[in-house]
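Peer 1: need a 3D model of the following:
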Amino acid sequence: MLDARVLQGQGHTQKEIADILGVTDRTVRNYLSNFPRERKKPNRASKLDPFKADIRSRIETKPNANGEVIYQSIRKMGYTGKRSVLKEFITKVRRETESSAVIRYETEPGFQAQVDWVEFGKQWVDGSFRKLYAFTMVLGYSRLPFVRFTTNMTSATLLACHQDAFQFFGGVPAEILYDNMKTAWIYDGEAWRPNKRLASFAVHYGFTPKRCRVRRPETKGKVERFNQYLEGNFFESLEKTSFTLNELNESVRLWIDSIKGNKISGLTSSRAERHEEEKPYLKPITVAPFDVRDAIPLLVNRESCITWKTNKYSVNPRYMGLEVMFRPDVFGTNAELYAEGTLLRSISLEAEGSMKRVIYPEDREAIRKRWEQDRERQRVFRFPKRRVLEKKVVDVEVRSPATYDQFIPGGSL
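Peer 2: Okay, the predicted model is just below:
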């Protein structure tokens, strides 16, 4: 009766179609009133069916799980089907996992904070064109944010920003949620774990580091939404195009003070009000500060100095040719110098790029004595007073080496 539909499409009436096809009007009417049904596919069991629950569990736990590893695993469990069938099922489960809705929930007071970095590209900062970042931490219950602008995202900077945030909040949350930060997490071949520095830092302050699911940054949606607010409201409103970090950090603190009294969208209270409720549940800071500084080995050169960011600082000459440990403050202008586990001195750092040489008074005399000893050894070794030439004794003029003041000029005391 397919011809009946063709004739209907050409504009013929049911009676005309019946006459053309030689059937009754009722037959044509019944056929045209019923749409063709889809052919039912036979419900056949798949060889993969007994393993689907296990595969689904693996993908939901680890979305980037290797398909070949799963294939070899289920083969040992008795799977005799094809790889292509498994590959099709894994792709389907991954799509379902990635598109599933994220349930937004309210965390208990003091339970969680969320951490992230915001990148602002290259800006004119502290007199040079460099990359600008903002560390952000948001308390889950109160939504109170902390922001610190930096010019790097190193591990030392990350942990130092944590310490500033704890002081700002008045305590430490029970857990902190991160994305896949290279300075915070490592993959040991089986699972993602916090690196040694973050783990030690977390134990020191008594919080649990957590990592959000792979390719699911929305699980830390509170800090993600705040980051958009920071970029679109605070940074876009800045009138200047050149900054200092101190100016930026002071300005963002004032901005946070100005917004924390506003009502939170979807809630009946402000960040400030909810933080007052949350603060008693934060763990008080009762321990000494964790040392987040990097330990940087530096070689003491022949001038008995170390070099840091184009500037030279004197060291006792007994360490010439040896490595000493340099620990600069993350945000300050000071550093400490260690040798053999002992603190040698605290250093007030010169401005980066100023190419200054700082000779400390306690080192000057020791360097002079060491220089004179070396000069004497060179004189005896290189400039003998007399030598025999063609069976005649010839006096040889001994040139005086450079003076000490030429070797080590005044410098900053």
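Peer 1: contacts, neighbours, all on C-alpha from now
Peer 2: Will do.
Peer 1: excluding chain neighbours, give the residue nearest to residue 198 in space.
Peer 2: Spatially, and ignoring its direct neighbours in sequence, residue 198 is nearest to residue 184 (6.0 Å; CA to CA, 6 or more residues apart in numbering).
Peer 1: return the distance of that neighbour relative to residue 149.
Peer 2: Using CA to CA, to the nearest Å, one gets 19 Å for the distance from residue 184 to residue 149.
Peer 1: with residue 350 instead?
Peer 2: Remark: distance between residue 350 and residue 149 (CA to CA) = 22 Å.
Peer 1: higher neighbour count, these two?
Peer 2: residue 149 (23 against 19; other CA atoms under 10 Å).
Peer 1: partners of that one in the sheet?
Peer 2: residue 134 (DSSP bridges).
Peer 1: check what pLDDT residue 96 gets.
Peer 2: Model confidence at residue 96, given as pLDDT, is 77.
Peer 1: helix/strand/coil for it?
Peer 2: Classification of residue 96 into helix, strand or coil gives helix, according to DSSP: H, G, I helix; E, B strand; the rest coil.
Peer 1: give me the number of residues near it?
Peer 2: A count of nearby residues for residue 96, using other CA under 10 Å, gives 12.
Peer 1: contacts only, for the nearest residue to residue 206 once chain neighbours are set aside.
Peer 2: Distances taken as CA to CA, 6+ apart put residue 174 closest to residue 206, at 7.3 Å, once the chain neighbours are dropped. By CA atoms under 8 Å, 6 or more residues apart in numbering, the contact list for residue 174 reads 110, 111, 112, 206, 207, 208, 282, 283.
Peer 1: now with 10 Å, please.
Peer 2: Under the criterion of CA atoms under 10 Å, 6 or more residues apart in numbering, the contact list for residue 174 reads 109-113, 202, 205-209, 281-283.
Peer 1: over to residue 199?
Peer 2: With contacts defined as CA under 10 Å, 6+ apart, the neighbours of residue 199 are 184, 185, 193, 207, 208, 209.
Peer 1: swap in residue 6?
Peer 2: With the criterion set at CA under 10 Å, 6+ apart, residue 6 makes contact with 12, 17.
Peer 1: now it: how far from residue 277?
Peer 2: 74 Å.
Peer 1: pull out the buried residues from the helix or strand hosting residue 92.
Peer 2: Secondary structure assigned from DSSP states H and E places residue 92 in helix 83-99. Neighbour-count burial for helix 83-99, counted by 16 or more other CA atoms under 10 Å, picks out 86, 90, 93, 94, 97.
Peer 1: next one: stretch 180-194
Peer 2: 180, 183, 184, 185, 193, 194.
Peer 1: can you give me the end-to-end span of that stretch?
Peer 2: With CA to CA applied, stretch 180-194 spans 10 Å between its terminal residues.
Peer 1: tell me the domain ranges of the protein?
Peer 2: Split into domains by automatic domain parsing, the chain comes to 2-33, 49-99, 112-281, 293-413.
Peer 1: could you say which helix or strand holds residue 273?
Peer 2: Per DSSP H and E: helix 271-278 holds residue 273.
Peer 1: and the next helix or strand past that helix?
Peer 2: Helices and strands here follow DSSP H and E; after helix 271-278, the next one along the chain is strand 296-299.
Peer 1: CA atoms of the helix or strand just after that next one as CSV?
Peer 2: Sequence-wise, the next helix or strand beyond strand 296-299 is strand 305-308, with elements assigned using DSSP H and E. Once side chains and other backbone atoms are set aside, the C-alpha atoms of strand 305-308 remain, and they are given as CSV (Å, rounded to 0.1, in the frame of the first residue of the first chain):
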residue,chain,number,x,y,z
CYS,A,305,80.4,36.4,47.2
ILE,A,306,77.1,34.8,46.3
THR,A,307,75.0,36.3,43.4
TRP,A,308,71.2,36.7,43.6
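Peer 1: partner strands of the next helix or strand along the chain from strand 305-308, parallel or antiparallel?
Peer 2: Later in the chain than strand 305-308, the nearest helix or strand by DSSP H and E is strand 311-314. Strand partners for strand 311-314, identified by DSSP bridges, are recorded as strand 305-308 (antiparallel), strand 357-358 (parallel).
Peer 1: other SSEs contacting whichever helix in the chain runs longest?
Peer 2: Taking residue count as the measure and DSSP state H as the definition, the longest helix of the chain comes out as helix 361-382. When contacts are defined as 3 or more CA pairs under 10 Å, 6 or more residues apart in numbering; DSSP states H and E, helix 361-382 packs onto strand 311-314, helix 404-407.
Peer 1: quickly, which of those bottoms out on average pLDDT?
Peer 2: Looking over the helices and strands packed on helix 361-382, mean pLDDT reaches its minimum on helix 404-407, with a mean of 53.
Peer 1: in stretch 248-261, which residues are buried?
Peer 2: When burial is assessed from 16+ other CA under 10 Å, stretch 248-261 yields the following buried residues: 248, 249, 252, 256, 260.
Peer 1: out of the residues you listed, flag the one nearest to residue 132.
Peer 2: For residue 132, the closest of the buried residues of stretch 248-261 turns out to be residue 248, at 10.6 Å, with distances computed as CA to CA.
Peer 1: run through the residues that contact the closest one.
Peer 2: For residue 248, the set of contacting residues under the criterion of CA under 10 Å, 6+ apart consists of 125, 147, 148, 149, 150, 235, 238, 254.
Peer 1: same list (these) but as CSV, adding distance to residue 325 and pLDDT.
Peer 2: Converted to CSV, those look like this (distance: CA to CA, whole Å; pLDDT from 0 to 100):
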residue, distance to residue 325, pLDDT
125, 29, 88
147, 31, 96
148, 28, 96
149, 28, 96
150, 24, 95
235, 38, 89
238, 40, 85
254, 38, 95
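Peer 1: thanks a lot, catch you later.
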